[in-house]
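Enquirer: I'll drop the sequence and a predicted model, then ask my questions.
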Amino acid sequence: MSKHAIFLRGNMRTWNYIKKDIISFFDEYHEKPDWYVCFWQSNTSTIDEVTDSFKNSNLKYLKFETENIYQKFNMRLLEGAHTRGEKIVSDFLGRFSQVLFPYWRLAYLDQLLSIAKRKYELENNISYHSVFFARPDIIYKTSSDHKDYVRCLNELDDMEITNLRPHNTRLGNKNNGNRFDNYVTSDTFILAGNIAADIFGARFIDTDYTEGSLSRMINWDVHQLVSRIKTKYQLYELAELETKSRIIVDPVINRPNNLSQNQWDPLPKEVKHQICRDLNIDPFDYNLKLPS
């Protein structure tokens, strides 16, 4: 029987309100997978509380990561160490931080989890068939029945990765793209075969965004950054190869008070901060620290 792993990482945010849904979904549809969890340190929950949430699951790794090591990388990046010495001028600094901040932070956690996974595989002489990269603020659902979902999951090839769709915007037809045109993706979920997962999980230290191109580093959409690491290694979604084997997952982002993105985004920072406090969510999880 194929063995699967789940990478659960990021800011906890609404984790305490939807954790049962997240864990039950993957435990059922990935047939008791091994869990690798890495959250940014916050006051939303404790190590003991998170551990207890997985008492009936196969938790292999759990860590609360601080900002210390990551911030050292972030400062060097902004100083130009990863742009062949070319400084990021002040006009770009705000845009750079806004767009790349979530990309690099998530890539950093994926790197830590990838190391932990490979260590476990080598020590126990196993190889995971797939890795699902999940977030703790999303409710995951599927319209597939359990049997069909498992069949599709087990058919996932080592070099295949989901949630990457080619489309050609230059021709104005999103259905007629090819693998060398434009790509769209999302960070809400990524499901990868064994080899693809190791490649994608290592993008923090192996990415063409550290090869000196400011125009590519300062990109309009963080999701395009996720796409580029996939296309660099020619990792493609299963839907292109065999329509019947597509694994359908419906990720729904859960925001405080169940607000939609259109309702949440325009709220003043102070209001968001108070909503989080009322729900016992550390405002840090939403980057909402107020000036002292």
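Expert: Sure thing, it's come through. Numbering: from 1, shown residues only.

Enquirer: with adjacent residues omitted, what lies nearest to residue 197?
Expert: Excluding the flanking residues, the one nearest residue 197 by CB to CB, 6 or more residues apart in numbering is residue 131, at 3.6 Å. Just so you know, the C-beta spots here come from the backbone N, C-alpha and C atoms, and that holds for glycine as well.

Enquirer: in the sheet, who's paired with that neighbour?
Expert: Assessed by DSSP bridges, residue 131 has beta-bridge partners residue 5, residue 192.

Enquirer: tell me which residues touch it, please.
Expert: Neighbouring residues of residue 131 by CB atoms under 8 Å, 6 or more residues apart in numbering: 4-7, 117, 191-192, 194, 197, 201.

Enquirer: how about a cut-off of 7 Å?
Expert: Counting by CB atoms under 7 Å, 6 or more residues apart in numbering, residue 131 touches 5, 7, 192, 197.

Enquirer: nearest spatial neighbour of residue 272, chain-adjacent residues omitted?
Expert: In space, residue 272 is closest to residue 288, 5.5 Å off (CB to CB, 6+ apart).

Enquirer: quick check: that neighbour vs residue 275, distance?
Expert: Note on residue 288: its distance to residue 275, by CB to CB, to the nearest Å, is 9 Å.

Enquirer: same deal with residue 185?
Expert: Going from residue 185 to residue 275 by CB to CB gives 29 Å.

Enquirer: in stretch 42-53, what counts as buried?
Expert: In terms of neighbour count (16 or more other CB atoms under 10 Å), stretch 42-53 has its buried residues at 42, 44-45, 50, 53.

Enquirer: wait, which of those is closest to residue 24?
Expert: residue 53 (11.0 Å; CB to CB).

Enquirer: give me the number of residues near the closest residue to that closest one other than its chain neighbours?
Expert: The shortest distance from residue 53 to any non-neighbouring residue, by CB to CB, 6+ apart, is to residue 19 (5.2 Å). By other CB atoms under 10 Å, the residues close to residue 19 number 18.

Enquirer: got it, and residue 194?
Expert: Residue 194 has 19 neighbours, counted by other CB under 10 Å.

Enquirer: how far away from the center of its chain is stretch 258-268?
Expert: Offset of stretch 258-268 from its chain centre (CA atoms, centre = their mean, to the nearest Å): 21 Å.

Enquirer: begin at 880 from here
Expert: Done: numbering now begins at 880, and the last item shifts to stretch 1137-1147.

Enquirer: that older thread, any idea how far the residue nearest to residue 1076 lies from residue 1085?
Expert: The spacing between residue 1010 and residue 1085, counted by CB to CB, is 16 Å.

Enquirer: where does the prediction get shaky in the stretch 880-1029 of the chain?
Expert: Residues of the stretch 880-1029 of the chain meeting the criterion pLDDT under 70: 951-980.

Enquirer: please enumerate the strands of it.
Expert: Assigned by DSSP state E, counting those that start in this stretch, the stretch 880-1029 of the chain shows strands spanning 883-889, 913-919, 937-944, 1009-1013, 1017-1020.

Enquirer: any idea how far the third one is from the middle of the chain?
Expert: The reference is to strand 937-944. 16 Å.

Enquirer: direction included, what does it pair against?
Expert: When pairs are called by DSSP bridges, strand 937-944 turns out to pair with strand 913-919 (parallel).

Enquirer: burial count for residue 1155?
Expert: For residue 1155, the count of nearby residues is 21 (other CB under 10 Å).

Enquirer: repeat that for residue 944.
Expert: Residue 944: 16 surrounding residues under other CB under 10 Å.
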